[in-house]
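Participant: Sequence plus predicted model, see below.
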Amino acid sequence: MSESASTLVLQGAVLPARKTLALSVRKLVPAALIFIALAYFTLILFLPLVTVLVEALDKGFAFYAESLLEAEALDAMKLTLLMAVLVVPLNAAFGIAAAWLLGKFRFPGRSILLTLIDLPLSVSPVVAGLVFVLMFGAQSALGPWLLEHDIKIIFALPGIWLSSLFVTLPYVAREVLPLLEAQGNEQEESAVMLGANGWQTFRYISLPQMKWALIHGVILCNARVMGEFGAVSVVSGHIRGETNTLPLLVEILYNEYQFTAAFAAASVLAVLALITLVIKRVAVKNNAIVSEH
């Protein structure tokens, strides 16, 4: 056999082998990435969640129920839910107004307003809580006047409410704004040309368009309110039965070596988080469908 013929035979044998190897690599890479993702998910999310639930039930369901029915735990749950009720509607209303303004109009100072809305996302919650202490604490400029009129903000419910408002301010606005910008003004302009006033245009055109983005933002806002620790910890004063939310109660019980009771309280937050994730997933899916149309 000639040298050229031998070369052709070798090349004919090598090329299929290379193709087989390339196909094997293409199949292995997705499988490896899936394995890494599942391993990371298990380590970071699944195992901690299982640990919380297992530790919460370590002494039996009776002790678990007893821990959650303690007066201190009930007060913490009530305060957490109260903050959600007081904070979420206000930030939802602000988010709708801010997103409408920024998405539908161009005006001087628009970039500054966008920056201010994003500010709570870039500031540490602990720093945010400290700011409110410096503004309304006993040593602040307003401190003597507040004391004179017996108005309590720091180490009281108003301080928790203000700090919760601050840290959750961007969520609704930031979810609704991209949707309004993508949809443009054509439908609103058509409604105005047909005789609709501003409220009718908003009620029947804009609000239905932003519905699922609004729900998504409200879910995120609510989850952050219920799980907030840093800012609330600074302004609450950790007064038992008065200013302790569920996250603060978990820390107190854990520091007092009441581990099972601490995990029982944490399990309530974990269950709320799971419910939030399910609702969020539904909202994201429907928002994507609306955006496509």
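Facilitator: Received it, and whenever you're ready, just let me know what you need.

Participant: Give me the contacts around the helix or strand hosting Pro120.
Facilitator: Taking DSSP states H and E as the criterion, Pro120 maps to helix 110-122. The contact list for helix 110-122, computed with C-beta atoms under 8 Å, 6 or more residues apart in numbering, reads 98, 101-102, 128, 166-170, 173-174. All C-beta spots, glycine's among them, are computed from the backbone N, C-alpha and C.

Participant: Check stretch 243-262 too.
Facilitator: 55-56, 58-59, 63-64, 67, 70, 72-73, 75-77, 79-80, 83, 155-157, 160, 226-229, 232-233, 236-238, 240, 265-266, 268-269.

Participant: If we use 6 Å, what do you get?
Facilitator: Under the contact criterion C-beta atoms under 6 Å, 6 or more residues apart in numbering, stretch 243-262 has outside partners 58-59, 67, 76, 79-80, 229, 232, 236-237, 265-266, 269.

Participant: just to revisit the earlier point, strands - which of the contacts of helix 110-122 land there?
Facilitator: Secondary structure defined by DSSP state E assigns none of those to strands.

Participant: which one of those sits closest to Gly184?
Facilitator: Gly184 lies nearest to Leu102 out of the contacts of helix 110-122, by C-beta to C-beta, at 13.9 Å.

Participant: how many other residues sit next to the spatially closest residue to the closest one that is not a sequence neighbour?
Facilitator: In space, Leu102 comes closest to Leu177 once its chain neighbours are excluded; the distance is 5.7 Å by C-beta to C-beta, 6 or more residues apart in numbering. Per other C-beta atoms under 10 Å, the neighbour tally for Leu177 reads 23.

Participant: still on that earlier bit, tell me which two in the contacts of helix 110-122 are the farthest apart.
Facilitator: The two members of the contacts of helix 110-122 with the most space between them (C-beta to C-beta) are Leu101 and Ala128, at 23.9 Å.

Participant: More neighbours: which of the two?
Facilitator: Higher neighbour count among Leu101 and Ala128: Ala128, with 22 against 15, using other C-beta under 10 Å.

Participant: Helices of the stretch 151-293 of the chain, start to end?
Facilitator: With DSSP state H, counting those that start in this stretch as the criterion, the stretch 151-293 of the chain has helices at 157-168, 170-183, 186-193, 198-201, 207-209, 211-227, 230-236, 246-255, 259-292.

Participant: how would you label Asp58: helix, strand or coil?
Facilitator: coil (DSSP: H, G, I helix; E, B strand; the rest coil).

Participant: list the contacts for it?
Facilitator: Applying C-beta under 6 Å, 6+ apart, we find Asp58 in contact with Thr260.

Participant: now swap in Glu181 and tell me
Facilitator: Glu181 sits next to Gly103 when contact means C-beta under 6 Å, 6+ apart.

Participant: From Ala98, how far off is it?
Facilitator: As for Glu181, its distance to Ala98 is 13 Å (criterion: C-beta to C-beta, to the nearest Å).

Participant: Ok, Trp199 next?
Facilitator: Here the criterion is C-beta to C-beta. By it, Trp199 lies 18 Å from Ala98.

Participant: Show me the shaky parts of the protein.
Facilitator: Applying pLDDT under 70 to the chain flags residues 1-27, 283-293.

Participant: center of it, which residue is that?
Facilitator: Taking C-alpha atoms, centre = their mean, the centroid of the chain lies closest to Leu220, which sits 3.7 Å from it.

Participant: which residues does that one contact?
Facilitator: Tyr171.

Participant: Use 5 as the first number for this chain going forward.
Facilitator: Let's use 5 as the start, then, which means that last one is Leu224.

Participant: where's it relative to Thr46, distance?
Facilitator: Following C-beta to C-beta, the distance that separates Leu224 from Thr46 is 24 Å.

Participant: try Ala77
Facilitator: Ala77 is 30 Å from Thr46, by C-beta to C-beta.

Participant: And for Gly107?
Facilitator: From Gly107 to Thr46 the distance is 40 Å (C-beta to C-beta).

Participant: With Glu70 instead?
Facilitator: Relative to Thr46, Glu70 is positioned 32 Å away (criterion: C-beta to C-beta).

Participant: cool, Val196 as well?
Facilitator: According to C-beta to C-beta, Val196 and Thr46 sit 54 Å apart.

Participant: and the two? which has more neighbours close in?
Facilitator: Taking neighbours as other C-beta under 10 Å, Val196 and Thr46 compare with Val196 leading, 15 against 12.

Participant: quick one: which of the contacts of stretch 247-266 is nearest to Glu152?
Facilitator: Here the nearest of these to Glu152, counting by C-beta to C-beta, is Gly241; it sits at 20.2 Å.
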